[in-house]
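1. quick one, what's the 3D model for this:
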Amino acid sequence: MIQDYPASKSPPWKVIGSEVLASVAAVLLFPLGLRRTKRRMPRKEKQRTIVLVHGYLANRSALFVLHAYLRARGIREILTFSYDSSLGVEAGARSLKVFLAKHVRGGRIDLVCHSMGGLVARLYLQELGGARRVDRCITLGTPHHGTYNAYWVATRVGRELRPDSELLSRLAGSKDKAACVRFTSIVAGSDNVVIPRIFAANETTIHIPDLGHMGLLFSLSSFRSIATHLAV
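-> Presented below is the predicted three-dimensional model:
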């Protein structure tokens, strides 16, 4: 029997209300992320670039608030990556590889990924040679071990995110190919997308009890954890 994280001690209305507000904010931001970034990092050997990777049915706007927070902390080398998530994890990983080759032309890379974006990053790191360029990968609400909710989604992505999927079995088997990358997973203790929530845990894990899946994108607690682990 799977033992999940304990339920949040906050009142249900507070947790649900916070998640609804986060979801509304994500919808309102969506049009702002339709244009893909054209920014390229300078060709420097000694630089560190943070690349933000969104999740399923989103675009780079989902990470705009996190982007603003990191810039407020003095981090300037940040890129937001967009891809067509409906094409699946493998297509996303190939797109990420092309994007990084074109836009990050020197130095080292840290990846910060929400939801399905974390699996896109792992496939890039473990099967497409990305571990040579990346030092850290921080995931937010990523279904590393799948989610039972995926059985309700009759698409390629739904099949890929099921706990017994061939893709997740491959990722489990190729894990050692990214052994040099430091993984941190931030788990939303009130996640309504990754079920059970423990399936979002991978290597170093931070559990935030009162956040939902979308709330991770707008929470100071989440942002502080990201900034702390980027600095390690």
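2. Thr10 against Asp210, yeah?
-> Thr isn't right for residue 10; it's Ser. Yes. Using CB atoms under 8 Å, Ser10 makes contact with Asp210 at a distance of 4.7 Å. Using the backbone N, CA and C atoms, a C-beta is placed for each residue, glycine as well.
3. between the two, which contacts overlap?
-> Taking CB atoms under 8 Å, 6 or more residues apart in numbering as the criterion, Ser10 and Asp210 both touch Ser190.
4. ok, these two, which is more surrounded?
-> Asp210 (18 against 15; other CB atoms under 10 Å).
5. in three-state terms, label the more buried one for me.
-> coil (DSSP: H, G, I helix; E, B strand; the rest coil).
6. separation between it and Val187?
-> Using CB to CB, to the nearest Å, we find Asp210 at a distance of 12 Å from Val187.
7. Glu19: which element?
-> Glu19 belongs to helix 12-29 when assigned by DSSP states H and E.
8. and that helix, what's buried?
-> By 16 or more other CB atoms under 10 Å, the buried positions in helix 12-29 come out as Val15, Ser18, Glu19, Ala22, Ser23, Ala25, Ala26, Leu29.
9. ok, now which ones touch the third one?
-> Same thing as Glu19. Contacts of Glu19 (CB under 8 Å, 6+ apart): Ser190, Asn192, Gly212, His213, Met214, Gly215.
10. same list, those, but as CSV with secondary structure please.
-> Output for those, formatted as CSV (three-state DSSP):
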residue, secondary structure
Ser190, coil
Asn192, coil
Gly212, coil
His213, coil
Met214, coil
Gly215, helix
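11. and those, which are buried?
-> Ser190, Gly212, His213, Met214, Gly215.
12. ok, the nearest residue to Lys102 once chain neighbours are set aside to Leu140 distance?
-> Distances taken as CB to CB, 6 or more residues apart in numbering place Arg40 nearest to Lys102, at 7.1 Å, with adjacent residues excluded. Using CB to CB, one gets 25 Å for the distance from Arg40 to Leu140.
13. again, but for Ala25
-> 15 Å.
14. same question for Ala201.
-> For Ala201, the distance to Leu140 - CB to CB - is 12 Å.
15. neighbour count winner among these two?
-> Just comparing Ala201 and Leu140: by other CB under 10 Å the higher neighbour count belongs to Leu140, 31 against 20.
16. for that one, give its distance to Arg35.
-> Distance from Leu140 to Arg35, by CB to CB: 23 Å.
17. do Tyr5 as well
-> 38 Å.
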